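**Q** 3D model of this:
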Amino acid sequence: MLLPGTYKDKVAFITGGGIGLGKGMTTTLSALGAECVIANRELEVLKKTTEEITAQAGNKVHAVQWDVRDPKSIEAAVDQLVEVAGLPDVVINNAAGNFISLSEKLSANAWRTITDIVLNGTAFITLELGKRLILPEKGAAFLATTTIYAETGSGFVVPSAAAKSGVETLCTSLAAVWGRYGLWFNVIQPGPIRTKWAFSRLDPTGMFEKAMIGRIPVAYLCSDYACWVSGAVRECMSVCLDKLSRHFILLCCVCQVTKEQWAMMETMISGTKGS
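**A** Next comes the predicted model:
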């Protein structure tokens, strides 16, 4: 438990902060005194979340609309971030996208849909903000959310596994070379977070829902108390690694999904709308 005011006079920038885990992290940091700026693609989601957290924490939350896949959009969003709150003390790369699919069914567009958001988006925002922080010699904590299968690999979510693995390598690489500038980089690997958006793609039939509860030390890892921790990849699962490291493999070895069910899920997933 961190002390009240731990993040007083600090600015936190959270991508994908409108829903799910991003919203939860924003709520926690705001309650601890941070001036939070969240970025998301959907304006209505941003508006609802900023109003909700501001009312709950009594600390104003700002919103920035962007397309995380577009470097120009990211540059404009960072300009807006600096204008409303200043350069950040905390940067949380949480924006993501995913869906389950048979690997032999993946198209080039399907691959880019995930990797452009997860890997390229994380790289673009990290490099853009890193360059701006280095010039005035302002230190900051960077945190990225990945998944345990970034280490082990997993069937049926191959683009996500490859992209998340790239994010981890990006962070550990920058931890080695940008530490001299007062920038530290860490990664957390939470389990599946139940949101309507995510589970409409990852568990469209409801057959795969599991109780996965993790202790996710975001506020600590981004605080001054952890400024000596950099290059770490923290697994935040509450159950056995060997059971969950390839948890989507359960679709074939436990759930035994048939070709007909795969076709049904593909139709259900393609009919969902991202947020």
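**Q** packing partners for the helix or strand containing residue 92?
**A** In this assignment (DSSP states H and E), residue 92 forms part of strand 90-93. Using 3 or more CB pairs under 8 Å, 6 or more residues apart in numbering; DSSP states H and E, the elements in contact with strand 90-93 are strand 11-15, helix 20-31, helix 121-134, strand 140-145. Yep, even glycine has a C-beta here, placed from its N, CA and C like the rest.
**Q** nearest to residue 56 among the ones you listed would be which one?
**A** Judged by CB to CB, the one of the helices and strands packed on strand 90-93 that comes nearest to residue 56 is helix 20-31, at 6.7 Å.
**Q** average pLDDT for the strand holding residue 92?
**A** Strand 90-93 comes out with an average pLDDT of 98.
**Q** relative to that strand, what are the paired strands and their orientations?
**A** strand 11-15 (parallel), strand 140-145 (parallel) (DSSP bridges).
**Q** so after that strand, what's the next helix or strand?
**A** Going down the chain from strand 90-93, the next helix or strand is helix 108-115, by DSSP H and E.
**Q** is it true that residue 217 touches residue 232?
**A** No - the pair residue 217 / residue 232 is not scored as a contact, 10.3 Å apart, by CB atoms under 8 Å.
**Q** next one: residue 108 from residue 166, what distance?
**A** 17 Å (CB to CB, to the nearest Å).
**Q** higher neighbour count, those two?
**A** The neighbour comparison of residue 108 against residue 166 (other CB atoms under 10 Å) goes to residue 166, with 18 against 7.
**Q** without its sequence neighbours, what residue ends up closest to the more buried one?
**A** residue 119 (4.4 Å; CB to CB, 6 or more residues apart in numbering).
**Q** am I right that the one you found is in a helix?
**A** Yes - the assignment for residue 119 (DSSP: H, G, I helix; E, B strand; the rest coil) places it in a helix.
**Q** do you have the strands of the stretch 151-275 of the chain handy? List them.
**A** Along the stretch 151-275 of the chain, counting by DSSP state E, counting those that start in this stretch, strands occupy 183-190, 232-236.
**Q** mind giving me the packing neighbours of the shortest one?
**A** In terms of contacts (3+ CB pairs under 8 Å, 6+ apart), strand 232-236 is packed against helix 158-178, strand 183-190.
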